[in-house]
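Visitor: What shape does this take:
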Amino acid sequence: MGDTEALENFKSEAVSISNKSLADKNTLVFVKEGTGDFYKFSSFLDRFSISFPANLVSFVDNDDFGVILTKQTEFFDSSGKMTASPSAEMLLKPKIALTVRAIDATEAQTRLISWEDTMIDSLREFYSLPPQFGDISFSENFYRGVKIRYANLPYADKSIDYTIITAKNGNDYLVIANSREQMYSIINKLLGF
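Guide: Reported below is the predicted structural model:
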């Protein structure tokens, strides 16, 4: 990771923004660069040293990018059991999802599948993922008819979930989320539930 301080500052600001609204589970944020311009998808990934297939950018609208902050309530302990009483810190720290409008969903999906071999390592520091022991491969799940590719690390509260979803406005969006709960809540929002 190139700039750990910048990442920590970004995450700290995310906590503040996410907790301003008590009613909304998801908060869409358009992040500005130091120049005052909004980040493009590729420049945001570059800024936080997240390696990604360069040709992915050819199949998304690089300018139509945002970050979704989600209040997480589902947590698992080290044995995989649901945590009955999560700490205040756990509840206040939002999950961070990346979203960008896809202009060619089929080609973008192909690039994402090819990225799976390195995606976890690429996102490890950004998502504060635990160390990986052994090979972890992506699996497939469906929620409300939307196909999701995911890898739990080791449980669904710390994961990489991604999908390309057709929202109720007719646009396709690539979403890369950090937990199952986050992905499900974003799908609900994009589909209008």
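Visitor: Flag the shaky bits of this structure, pLDDT-wise.
Guide: Across the chain, the ranges flagged by pLDDT under 70 are 1-3, 15-16, 18-23, 133-134.
Visitor: What is the longest strand of it by residue count?
Guide: The residue-count maximum for a strand in the chain (DSSP state E) belongs to strand 60-70.
Visitor: helices or strands up against it?
Guide: The contact analysis (3 or more C-beta pairs under 8 Å, 6 or more residues apart in numbering; DSSP states H and E) places strand 60-70 against helix 4-18, strand 26-29, helix 41-47, strand 95-102, strand 172-177, helix 180-191. For glycine as for every other residue, the C-beta is placed from the backbone atoms N, C-alpha and C.
Visitor: And the lengthiest helix in the chain, what does it pack against?
Guide: In the chain, with assignment by DSSP state H, the single longest helix is helix 105-123. On a contact count with 3+ C-beta pairs under 8 Å, 6+ apart, helix 105-123 meets strand 146-152, strand 159-166, strand 172-177.
Visitor: Could you list the buried residues of it?
Guide: The neighbour-count check on helix 105-123 (16 or more other C-beta atoms under 10 Å) flags 105, 108, 109, 111, 112, 115, 119, 120, 122, 123 as buried.
Visitor: What strands line up against the helix or strand following it, and which way round?
Guide: Proceeding N to C from helix 105-123, the next assigned helix or strand is strand 139-143, under DSSP states H and E. Here strand 139-143 has these sheet partners by DSSP bridges: strand 146-152 (antiparallel).
Visitor: got a list of contacts for the strand it pairs with?
Guide: 112-113, 116, 119-120, 136-142, 156, 158-163, 165, 180, 183, 187, 191 (C-beta atoms under 8 Å, 6 or more residues apart in numbering).
Visitor: could you flag which of those residues are buried?
Guide: The neighbour count (16+ other C-beta under 10 Å) marks 112, 119-120, 138, 156, 158-163, 165, 180, 183, 187 as buried among those.
Visitor: and residue 156, what is it in contact with?
Guide: Going by C-beta under 8 Å, 6+ apart, the list of residues near residue 156 reads 74, 76, 150, 179, 180, 181.
Visitor: Out of those, who's the most crowded?
Guide: The most crowded member of the contacts of residue 156, judged by other C-beta atoms under 10 Å, is residue 179 (26 neighbours).
Visitor: Quick one: residues contacting residue 159.
Guide: If a contact means C-beta under 8 Å, 6+ apart, then residue 159 has 150, 151, 152, 153, 177, 178, 179, 180 as its contacts.
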